[in-house]
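**Q** Dropping a prediction and its sequence here:
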Amino acid sequence: MRRPSVFVAKDPEKEFRYGSRNWLLHARYVRGEHAMCLDLADDLQKKADNTHRYAHYVKGLVYADAGRHQEALERFHSCIRLQPSDPEPLKQVAKSLSCQGRYQLSLEAYLEADKLTKHPDSDIYCALAECASNLGQIERGVEWARAAVQAGGGERAGALLARLLLASGDAVGASAAYDQAIATHACGADTLAAAGALRLRAGAPREAFQLLGAALAQQPSQHAAALALAAMMLQHRDLDAALARLKAALSAHPTCVAAHSNLGLALLAKKKYVAALTCLQRAVWSAPLSARAAHNLGLALLLCRRPASAFCRLATAAALQPRQPYTVLLIGIALERLGDARADAAYARAAALAPGAALVRVNRAARLARAGLAGRAAEEARAVAEILQGEEKPDAQLSSSLATLLALLRDAGVQLSDLPDHLPRGDTPDDLPEDDMTADEV
C-alpha cells in the first residue's frame, strides 16, 4: 500500500481555525478503511467547495488500489490543477498510466515530475527505467537504473539494474550489480534468489548455493530459490533432496510448470514411472505452449515404451521449437520404434541441426547400422570419435556406446583403419548425470 505524501496547506491560519482532518484521512487510508476514507474525503470536499487537495489525492490512491485507474487519474489531475508545482500527484498519474499499459505517456509524466523535483528522486528514476524497458528501450532503461542507484535507490534500484543488464546480454555486469546490491544493502529473498540463479547459469555452483540458501533461510516459501537448488541437486543425482525442494516449491506455487516438470524428471530417475508421468502431464496442462514441458513428457513416454503417445507430444514440442535437435532426435527414435520410414529423415534433420553433438551423431550411426548401411554408419562413427576426442571430459556412456558400435561394425567386416588408436573413455558413468534427464532451466 502506498503511503500518501503530506501536503502543505494553502492557508495555514484557516486550517488551524477550522481544524484540519488530514491526519484522520491519512490514518483511515493506511489502515485500509477505504469506505470510511472515501466518506470522509467527500465530506471534506463539500466543506471546501471541492478544493481540498489532500482529499482528491487520497481518493485517487484508493481508486488506484481498487484498480479504478481512470477515476484515479481524474482525482490526481484535480490535485495538479490546484497546485501545478507539486510533483507527487504527477508521479501518481504516471504510475496509473503505467498500470494501464500506456508506457509512453507514463514515461513523459515521470519526466515532467523529475523536472519539478528539487533533488534526485530514485523512485522516479526506477520508474523511468521500467517504462523504458517496457517500451523496448533497454539501453535507455539501464541508464535510468544507474541514475537510480547513484541517487540511493537501494535494493530496488540495484536489482532493477541487474535485470536490465541481463536483458541486454551483459551477464557479467548483471552479476556485478547484484554483488554491489547485496554488499551494500540488506536484500530480500527475491534478489538473493535471482542472484543465485544467475551464478548457477554462470557456472559458479558454490556461490549460487550460498545465495540460494540465504534466500530460503529468509523466506522458506521462495519457490525460485527452491527450484534452482533442486536443479543443482538433480545435476548431482541427489534425488531425495531434490524431491524435497521441489515439493516445497510446489506448496508455495502449485501451478509452477518448471517445478512439476523437474519433479517428474526426478521421479523418472527413481523409476517411479506412473508418478513421473502424472507430474509431467500436469506441467503440460499448466503450459500447453511450453516446448520443454512437451519434450519432457515425450521422453518419459518413450522410456515407458509408448512410442505413439511420445510421438504426439514430441511433434508438439517440435512445432513450438523447430530447431531443438534433441526433440527431433527423440522423434526419430519414436518413429523407428513405430516402424515408420520417416525415422531416417528425422535422424538426418537432428544431425543437421547439431553437427557437433556426439549424442545425436552416435544415435544416427546406430540407426544407419540397424538399417544395413554399414559404410555410412562407419562415417558417422568416425565423426563421433573426433567429437569425443576434442572434449576435455567426454561422456563415458557415449564412449561405451561408440565402442560397442565399432565392435559390431568390425564384426560385419567394415574397415575402420582411420579411426584413432585410443578412443576417449571419459569418467565413470555413476559420476555423470544422464543427458536425457537434465533439469529444466530455472
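**A** Sure, I can see it.
**Q** And this structure, what are its domain boundaries?
**A** 1-118, 355-442 (automatic domain parsing).
**Q** Go through these and name the closest to Cys187.
**A** domain 355-442 (18.6 Å; Cβ to Cβ). In this view, the C-beta of every residue, glycine as well, is placed from N, C-alpha and C.
**Q** Give the rounded mean pLDDT of stretch 240-255.
**A** Stretch 240-255 shows a mean pLDDT of 83.
**Q** Please compute how far it lies from its chain's middle.
**A** The chain centre lies 17 Å from the centre of stretch 240-255; the measure is Cα atoms, centre = their mean, to the nearest Å.
**Q** Do I have it right that Gln100 meets His69?
**A** Yes - using Cβ atoms under 8 Å, Gln100 is in contact with His69, at 5.3 Å.
**Q** Looking at these two, which is more packed in?
**A** Neighbours per residue, other Cβ atoms under 10 Å: of Gln100 and His69, the larger number sits with His69, 19 against 14.
**Q** for the more buried one, what are its contacts?
**A** For His69, the contact set (Cβ atoms under 8 Å, 6 or more residues apart in numbering) comprises Tyr63, Ser96, Leu97, Cys99, Gln100.
**Q** can you rerun that using 10 Å?
**A** Contact analysis of His69 by Cβ atoms under 10 Å, 6 or more residues apart in numbering lists Gly60, Tyr63, Val93, Lys95, Ser96, Leu97, Ser98, Cys99, Gln100, Arg102.
**Q** ok, the closest residue to it other than its chain neighbours - how many residues close by?
**A** Once flanking residues are discounted, His69 sits nearest to Ser96: 4.4 Å by Cβ to Cβ, 6 or more residues apart in numbering. By other Cβ under 10 Å, the residues close to Ser96 number 23.
**Q** which stretch of helix or strand covers Ser96?
**A** For Ser96, the host element (DSSP states H and E) is helix 87-99.
**Q** elements contacting the helix or strand harbouring Glu379?
**A** Take DSSP H and E as the rule and Glu379 turns out to sit in helix 374-389. Identification of packing neighbours for helix 374-389 by 3 or more Cβ pairs under 10 Å, 6 or more residues apart in numbering; DSSP states H and E yields helix 343-353, helix 358-370, helix 396-411.
**Q** Save those helices as TSV, and put in distance to Asp170 too.
**A** Output for the helices and strands packed on helix 374-389, formatted as TSV (distance: least, Cβ to Cβ, whole Å):
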stretch	distance to Asp170
helix 343-353	28
helix 358-370	31
helix 396-411	35
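**Q** Can you say which of those helices is packed in most?
**A** Most buried of these by mean neighbour count (mean count of other Cβ atoms under 10 Å) is helix 358-370; its value is a mean of 23.
**Q** can you pull the alpha-carbon coordinates of that helix into PDB?
**A** Output of helix 358-370 as PDB, limited to C-alpha atoms (Å, rounded to 0.1, in the frame of the first residue of the first chain):
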ATOM      1  CA  ALA A 358      28.000 -36.500 -30.100                       C
ATOM      2  CA  LEU A 359      24.700 -37.900 -28.700                       C
ATOM      3  CA  VAL A 360      22.900 -37.100 -31.900                       C
ATOM      4  CA  ARG A 361      25.600 -38.400 -34.200                       C
ATOM      5  CA  VAL A 362      26.000 -41.700 -32.300                       C
ATOM      6  CA  ASN A 363      22.300 -42.400 -32.400                       C
ATOM      7  CA  ARG A 364      22.300 -41.700 -36.200                       C
ATOM      8  CA  ALA A 365      25.200 -44.000 -36.600                       C
ATOM      9  CA  ALA A 366      23.400 -46.800 -34.800                       C
ATOM     10  CA  ARG A 367      20.300 -46.200 -36.900                       C
ATOM     11  CA  LEU A 368      22.300 -46.500 -40.100                       C
ATOM     12  CA  ALA A 369      23.900 -49.700 -38.800                       C
ATOM     13  CA  ARG A 370      20.500 -51.200 -38.000                       C
END
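**Q** same for that helix, what does it pack against?
**A** helix 325-337, helix 343-353, helix 374-389, helix 396-411.
**Q** from the chain's centre, how far out does the last one sit?
**A** With Cα atoms, centre = their mean as the basis, helix 396-411 stands 40 Å off its chain's centre.
**Q** how many neighbours does Ala334 have?
**A** 25.
**Q** In this structure it contacts Pro307, no?
**A** Yes - Ala334 lies in contact with Pro307 (Cβ atoms under 10 Å); the separation is 4.5 Å.
**Q** who touches both of these two?
**A** Overlap of the contact sets of Ala334 and Pro307 (by Cβ under 10 Å, 6+ apart) consists of Gly298, Leu301, Leu314, Asp340.
**Q** If I look at the last one, what pLDDT would I see?
**A** Asp340 is assigned a predicted lDDT (pLDDT) of 89.
**Q** Please apply the same query to Asp43.
**A** Asp43 is assigned 88 on the pLDDT scale.
**Q** circling back: tell me which other helices or strands the helix holding Ser96 touches.
**A** Here helix 87-99 touches helix 53-65, helix 69-82, helix 103-116, helix 122-134, going by 3+ Cβ pairs under 10 Å, 6+ apart.
**Q** and it, which residues are buried?
**A** With burial defined by 16 or more other Cβ atoms under 10 Å, the residues of helix 87-99 counted as buried are Pro87, Glu88, Pro89, Leu90, Lys91, Gln92, Val93, Ala94, Lys95, Ser96, Leu97, Ser98.
**Q** Kindly calculate the angle that it makes with helix 122-134.
**A** Put simply, helix 87-99 runs at 20 degrees to helix 122-134, going by axes from the mean of the first three to the mean of the last three Cα atoms, to 10 degrees.
**Q** Report how many residues lie close to Ala215.
**A** Ala215: 27 surrounding residues under other Cβ under 10 Å.
**Q** which SS state does it fall under?
**A** helix (DSSP: H, G, I helix; E, B strand; the rest coil).
**Q** With only the CA atoms kept, save the host helix or strand of Arg199 in CSV.
**A** Using DSSP H and E, the element containing Arg199 is helix 189-201. The C-alpha coordinates for helix 189-201 follow below in CSV (Å, rounded to 0.1, in the frame of the first residue of the first chain):
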residue,chain,number,x,y,z
ALA,A,189,14.8,-13.2,-0.7
ASP,A,190,13.8,-12.4,-4.3
THR,A,191,17.0,-10.5,-5.0
LEU,A,192,19.1,-13.3,-3.4
ALA,A,193,17.3,-15.9,-5.4
ALA,A,194,17.8,-14.0,-8.7
ALA,A,195,21.5,-13.5,-7.9
GLY,A,196,21.9,-17.2,-7.1
ALA,A,197,20.2,-18.4,-10.3
LEU,A,198,22.5,-16.1,-12.3
ARG,A,199,25.5,-17.5,-10.6
LEU,A,200,24.2,-21.0,-11.3
ARG,A,201,24.0,-20.2,-15.0
